[in-house]
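*Asks:* this one's structure only:
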């Protein structure tokens, strides 16, 4: 990878969007040449049929590949940008120094909203307005609807018909952005992009909804500029930083936060998770994370990470007994107290017993990882079996049902984070004492892919 910084960033739009969606980034990224790619059928190309091919988009980028450049794609544009990178690779051209993807399901996952393209116009527009932040005026302005409907239908048909073709992961770093209020594509979904690169993965959470690229360009521009400059910010009040990489490398990360943030860490085999939160929290315990790693050849390990109160030194919780997860997730024995699930409630065990056999390992991992995150957060001295999660299949966030005297645990919410590493799939869980938290996740190149 060329060490020189990118000077040009090509931008690909979301479904129905045009080059004007990037007006804010053009204004905010003055040091970078922002080049919005105008697809046919919209804005200055409104007279053209709204159809495109990946090869045609790659043709527009190809002449600029002699120098370092970046690609940004939002929603549908992220999937387009990813395919453009693979097309440029097939042509033997320079790949981007960064692939920025915003508000988009990973390419190997379906886009649930795409199915709405088969609905009648009114229902289709209603889905777009409610779920993806489309203009409400589409409901009430016939002229706007007549103008936009062909390109919206064309774009969502492309998304629906898109079929991911397995190829080696790309060798460009992927930086993913998600909106805190985006209920269509959240942090958990965006983490799936990590499996598509061998050059490192990062996730950044912005305030805003699905179309933050248009609604909050200054915040997005600041994150892009910081990434290109390799700046390392400290956690803000509503932000949790997570880093996952080789144990040998975590000391560098700890020095980054030393004395300026509350830090916790945990080791599982040769994989370390570091969690950091700002020290400005005064009323609540700081945020807590747990991670469980699952490898194809090795036992499954589960470990917890804890961070201290703002006015005290960081505390690191001891990792559970190595291998504790293997009897839970491999033997699938949920019948007795010696099975390794003694920390789970009777209701949780019944849920696992009643599940299809192929789902039991996954549900057990979700239950144990979430339980340990919650116990690390505020459950010290508590019998874990006195706390229960009512639906282990619920995508979350989870709130626990607690026994007498454990009301303090009920206010915590647990969010699962699927983590995709070069050593196998992992599942993280984050317990936070707030309604919402912005996640910032970093995975170095040797762990991504």
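*Replies:* Arrived safely. Computed from a prediction, not measured in an experiment: that's the story for all the values here.
*Asks:* thought residue 379 was touching residue 400?
*Replies:* No. Judged on Cβ atoms under 8 Å, residue 379 makes no contact with residue 400 at a distance of 9.2 Å. (Glycine included, C-beta is placed from N, CA and C.)
*Asks:* overlap of the contact sets of those two?
*Replies:* 387, 409 (Cβ atoms under 8 Å, 6 or more residues apart in numbering).
*Asks:* can you give me the strands in the stretch 151-300 of the chain?
*Replies:* For the stretch 151-300 of the chain, the strands defined by DSSP state E, counting those that start in this stretch occupy 174-179, 201-206, 239-246, 261-268, 271-278, 288-293.
*Asks:* among the ones you listed, which is the most enclosed?
*Replies:* Counting by mean count of other Cβ atoms under 10 Å, strand 288-293 has the highest mean neighbour count of those, with a mean of 30.
*Asks:* where among the strands of the stretch 151-300 of the chain is the average confidence lowest?
*Replies:* Sorting those by mean pLDDT places strand 288-293 lowest, at a mean of 60.
*Asks:* so how far is stretch 153-163 off the chain centroid?
*Replies:* In terms of Cα atoms, centre = their mean, to the nearest Å, the centre of stretch 153-163 is set 23 Å apart from its chain centre.
*Asks:* other residues contacting it?
*Replies:* Contacts of stretch 153-163 (Cβ under 8 Å, 6+ apart): 15-16, 41, 50-52, 76, 79, 107, 111, 113-117, 124.
*Asks:* would you confirm that residue 169 contacts residue 193?
*Replies:* No. Contact between residue 169 and residue 193 fails when scored by Cβ under 8 Å: they sit 10.2 Å apart.
*Asks:* looking at the two, which is more packed in?
*Replies:* Taking other Cβ atoms under 10 Å, residue 169 and residue 193 do not tie; residue 193 has more neighbours (26 against 17).
*Asks:* quick check, the more buried one in contact with residue 201.
*Replies:* Yes. With contact defined as Cβ under 8 Å, residue 193 counts as touching residue 201 (6.6 Å).
*Asks:* now the common contact residues for these two.
*Replies:* 174, 176.
*Asks:* re the thing from before, could you flag which of the contacts of stretch 153-163 are buried?
*Replies:* Applying 16 or more other Cβ atoms under 10 Å to the contacts of stretch 153-163, the neighbour count classes 15-16, 41, 50, 52, 76, 79, 107, 111, 113-114, 116-117, 124 as buried.
*Asks:* I'd like those residues as CSV, with distance to residue 351 and pLDDT appended.
*Replies:* Converted to CSV, the buried ones among the contacts of stretch 153-163 look like this (distance: Cβ to Cβ, whole Å; pLDDT from 0 to 100):
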residue, distance to residue 351, pLDDT
15, 38, 95
16, 41, 93
41, 49, 95
50, 47, 94
52, 46, 95
76, 37, 97
79, 35, 98
107, 32, 97
111, 29, 94
113, 30, 92
114, 31, 92
116, 32, 91
117, 36, 93
124, 37, 90
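*Asks:* report the angle between the axes of whichever helix or strand residue 78 is part of and strand 174-179?
*Replies:* Secondary structure from DSSP states H and E places residue 78 in helix 76-90. Angle of helix 76-90 versus strand 174-179, following axes from the mean of the first three to the mean of the last three Cα atoms, to 10 degrees, is 170 degrees.
*Asks:* who are the packing partners of the next helix or strand after helix 76-90?
*Replies:* Going down the chain from helix 76-90, the next helix or strand is strand 98-102, by DSSP H and E. Under the contact criterion of 3 or more Cβ pairs under 8 Å, 6 or more residues apart in numbering; DSSP states H and E, strand 98-102 touches strand 69-74, helix 76-90, strand 174-179, helix 217-228.
*Asks:* of these, which is nearest residue 150?
*Replies:* With Cβ to Cβ as the measure, helix 76-90 is the member of these nearest residue 150 (15.4 Å).
*Asks:* what residue ranges in the chain score low on pLDDT?
*Replies:* 1-2, 266, 268-269, 279-340 (pLDDT under 70).
*Asks:* what are the structural domain limits within the chain?
*Replies:* By the assignment in automatic domain parsing, the chain contains the domains 8-223, 238-443.
*Asks:* and the shortest one, end to end?
*Replies:* So the one you mean is domain 238-443. 21 Å (Cα to Cα, to the nearest Å).
*Asks:* likewise stretch 392-406?
*Replies:* Note: stretch 392-406 ends 20 Å apart using Cα to Cα.
*Asks:* the helix or strand harbouring residue 420 to strand 271-278, inter-axis angle?
*Replies:* If you go by DSSP H and E, residue 420 is part of strand 413-421. Relative orientation of strand 413-421 versus strand 271-278 (the same axes, to 10 degrees): 140 degrees.
*Asks:* residue 449 contacts residue 422, correct?
*Replies:* Yes. With contact defined as Cβ under 8 Å, residue 449 counts as touching residue 422 (5.0 Å).
*Asks:* quick one: the residue lying closest to residue 73 once chain neighbours are set aside and residue 160, what's the gap?
*Replies:* Distance criterion Cβ to Cβ, 6 or more residues apart in numbering; nearest residue to residue 73, sequence neighbours excluded, is residue 81 at 3.2 Å. Relative to residue 160, residue 81 is positioned 19 Å away (Cβ to Cβ, to the nearest Å).
*Asks:* more crowded one of those two?
*Replies:* A count of neighbours by other Cβ under 10 Å puts residue 81 above the other of residue 81 and residue 160, at 28 against 15.
*Asks:* how near is the more buried one to residue 114?
*Replies:* Counting by Cβ to Cβ, the gap from residue 81 to residue 114 is 18 Å.
*Asks:* now swap in residue 182 and tell me
*Replies:* Residue 182 is 16 Å from residue 114, by Cβ to Cβ.
*Asks:* just residue 38 next, same as before
*Replies:* 23 Å.
*Asks:* surely residue 37 and residue 21 touch.
*Replies:* No. Using Cβ under 8 Å, residue 37 is not in contact with residue 21; the gap is 10.9 Å.
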